[in-house]
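Visitor: coordinates only, sequence not included:
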C-alpha cells in the first residue's frame, strides 16, 4: 500500500511537471492540458504516419529538427493501421472549421495533427516542437494536450537587409528556419540598396560586377569614427555640406557579395517547403547608388562618377535617385522581368522610400519630364514613377508593395503600403481600401537596441521587448471595416551594424517571439507577464539550438 501511494505521488508530480512545461509561443487559440493523462513518449520505435504526401515537407522539417537537436531519426509510413500505437499522425482532410486551422491532440498512445490543409499541418508541427523537452535524452516526453489553433493575421512577415552587410546562403536558410519555427509566413528579402546590389541580373552583369562591392564601411555609429565634424543640411534646392571639401573616412576594407540566380532559386525552394513566401525588394527610385555606380547614365547626373555607398543613412549628401526617363524605365522593366521570373511570389517590393526631391528639382531633364506629363511638383513625379512601375508589374500578373512614401503625390491603384514612418501611412492606405502592412520603425525595427544600454553597437534608438509585445497592428482610428485592410505586420532587421550571424540572432531573439504572438494569437490571449514566463522555456530551447540572445533577459 505504501509503495502504491509513493507511485501515485511520483506519477502525479510528473504530470504536474508536464503541465508546467506547456509553454507555447505564439499562444494557441485554445489549449487544454490533460493533467490526469499520461504523456506521449517519442523513442526509437516511434513511427510518423501520414495519409497524404502533401505532409512530406512537415515530416522533413520535424525529422531534421529531431536529428539536429536530439539525434533522433524516426521511421515513416503511409500505410494506415487503426491499431497502431506509438505513432505521430499527420492527417490532411479531417473536418475543421477552416483551412488555416489545425487540431493537435496528444495522448499516451499517439500524437495527431489534423487539418484541411498541409500549410496548417506544418504550423501544427511548430507547436509540437514546442512540446518537446529542452534537453537531450534517450526518449522525449510530450504532455497530453488538446489544441485548436489558427492565425489572426494572414501576413506575418520578417525582413532581412543583406545590402549593408551580405549574408551567405546557408545563413539565409537558417534565418528562414527561425521564421518557420515562429509561424511566420513571409520573408522580405532586401536585396538592393546604396550599399550593395545582391542579386544576379543576367542582362546587366555590371550590377554585380561593380554594384555588389564597396571599398569600405564607416567605423562605428553613423556618421562614423573620424567623421564627427562633418555636417550636412538638406535644403529645398541644395544639400549644404560642411566643410565643403569633406571626405568620409572608412575602414578601407572591401565588402560585398551577391546571390546567383541558381542560389536565389534554391532559397525560394527552401522557403516554400517551410510555407514561407519570399518577397524580393528592388529599391527605386532612390537608394540606388549601387545601381548608379554600375550604370551612371540612369541618374540625374549621368556624367558624375557614382560609387557604391560606404556610409549609412539616406545618402542625401550624394545623389542616389534615378532619372524618370524612358531609358530608366526600360532598364527597370528588364531587371524586374528577371526578378519576377525567379520569384513565384505574387508580390514584389519596389521600395519607394526616402527619395530626396532636390535632385529632380536640379535636373533639367527631370523638369522636362514633369512638364511633358503635366506633373505639378516632384511628389507627383515620384507618384508617376511608382505608378508606371506598378503598371508594368501588374501586366505580369504581380502586385507591388512599397514603403509608405509611395502615398506621396497619389497612391498607385493596386499597391500594398508598408507603413514604417509610424502608423499614418498604413491608416491612410486602409482608409483608401488598400492593403497595409504595419511595421512602425519605433517598435518593429529590431536593429534598434533592446535596452537603453546595449551589449554591443546597434542603431541608436531603442525598441524594447515589452513595446513589441504590446503593439496592436490595427489602429484605433480605423473602423472595423477599414481594419480588415490591415493585412498584418512585419519586423525589420537593417544590417548597418550587423556583421555576423550571431549578431542577427542576438537582435532577433526574443523580439521575434513577441512579433509572432501579436500576429498569430487572439488579442484576448495576450498577456506580457505570462509571455515572459513562457519565454523562460523558449530560452532553454534556444540554448539547445545554440542561438545567441542577451542573457540579460534571464535576470528577471
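Guide: Now that the structure is in, tell me what you want to look at. As the structure is a prediction and not an experimental result, all values here were calculated from the model.
Visitor: does residue 90 count as helix, strand or coil?
Guide: With DSSP: H, G, I helix; E, B strand; the rest coil as the basis, residue 90 sits in strand.
Visitor: hang on, isn't it packed against residue 58?
Guide: Yes - look at residue 90 against residue 58 with C-beta atoms under 8 Å: they come within range, at 5.9 Å. In short, each C-beta sits where N, CA and C put it, glycine included.
Visitor: for the stretch 451-556 of the chain, which spans come out with low pLDDT?
Guide: Along the stretch 451-556 of the chain, segments meeting pLDDT under 70 span 556.
Visitor: where do the helices sit along the stretch 251-400 of the chain?
Guide: Using DSSP state H, counting those that start in this stretch, the helices found in the stretch 251-400 of the chain span residues 261-272, 289-294, 326-342, 358-362, 364-372, 378-395.
Visitor: can you list the residues that contact the last one?
Guide: Contacts of helix 378-395 with the rest of the structure, by C-beta atoms under 8 Å, 6 or more residues apart in numbering, involve 284-285, 322, 324, 329, 332-333, 336, 340, 348, 350, 352, 355, 357, 360-361, 366, 369-370, 373, 375, 399-400, 402, 405-406, 408-415.
Visitor: contacts for whichever strand or helix holds residue 533?
Guide: Per DSSP states H and E: residue 533 is located in helix 528-544. The contact list for helix 528-544 (C-beta under 8 Å, 6+ apart) reads 21, 23-25, 27, 69, 130, 134-136, 466, 469-470, 509-510, 513-514, 517, 549, 553-554, 556.
Visitor: can you do 7 Å?
Guide: Outside helix 528-544, the residues that touch it by C-beta atoms under 7 Å, 6 or more residues apart in numbering are 21, 23-25, 69, 134-135, 466, 469-470, 509-510, 513, 517, 549, 553-554.
Visitor: If you count neighbours, what's buried in it?
Guide: With burial defined by 16 or more other C-beta atoms under 10 Å, the residues of helix 528-544 counted as buried are 531, 534-535, 537-539, 541-542, 544.
Visitor: Check those against residue 318 and report the nearest one.
Guide: residue 542 (40.6 Å; C-beta to C-beta).
Visitor: and stretch 155-173, what's its mean pLDDT?
Guide: Average pLDDT, stretch 155-173: 98.
Visitor: which stretches of the stretch 1-150 of the chain form strands?
Guide: All strands of the stretch 1-150 of the chain, identified by DSSP state E, counting those that start in this stretch, fall at 30-33, 40-42, 47-50, 75-77, 87-92, 102-106, 110-115, 140-142, 145-149.
Visitor: re the thing from before, what about burial for the contacts of helix 528-544, which qualify?
Guide: Of the contacts of helix 528-544, these count as buried by 16+ other C-beta under 10 Å: 21, 23-25, 69, 134, 469, 509-510, 513, 517, 549, 553.
Visitor: So which of these belong to helices?
Guide: Members of these lying in helices (criterion: DSSP state H): 69, 469, 513, 517.
Visitor: Any idea which residue is closest to the centre of this structure?
Guide: With distances taken as C-alpha atoms, centre = their mean, the residue of the chain nearest its centroid is residue 158 (1.3 Å).
Visitor: roughly how far is the helix holding residue 533 from the heart of the chain?
Guide: The chain centre lies 21 Å from the centre of helix 528-544; the measure is C-alpha atoms, centre = their mean, to the nearest Å.
Visitor: next one: stretch 460-467
Guide: With C-alpha atoms, centre = their mean as the basis, stretch 460-467 stands 18 Å off its chain's centre.
Visitor: One more: stretch 160-167?
Guide: The chain centre lies 13 Å from the centre of stretch 160-167; the measure is C-alpha atoms, centre = their mean.
Visitor: Next, the distance between the ends of it.
Guide: End-to-end distance for stretch 160-167, by C-alpha to C-alpha, to the nearest Å: 10 Å.
Visitor: So what touches that stretch?
Guide: Defining contact as C-beta under 7 Å, 6+ apart, one finds that stretch 160-167 is touched by 175, 189-193, 195-196, 198, 256-257, 493-496, 498-499, 501.
Visitor: Sitting in helices, which of these do you find?
Guide: 175, 501.
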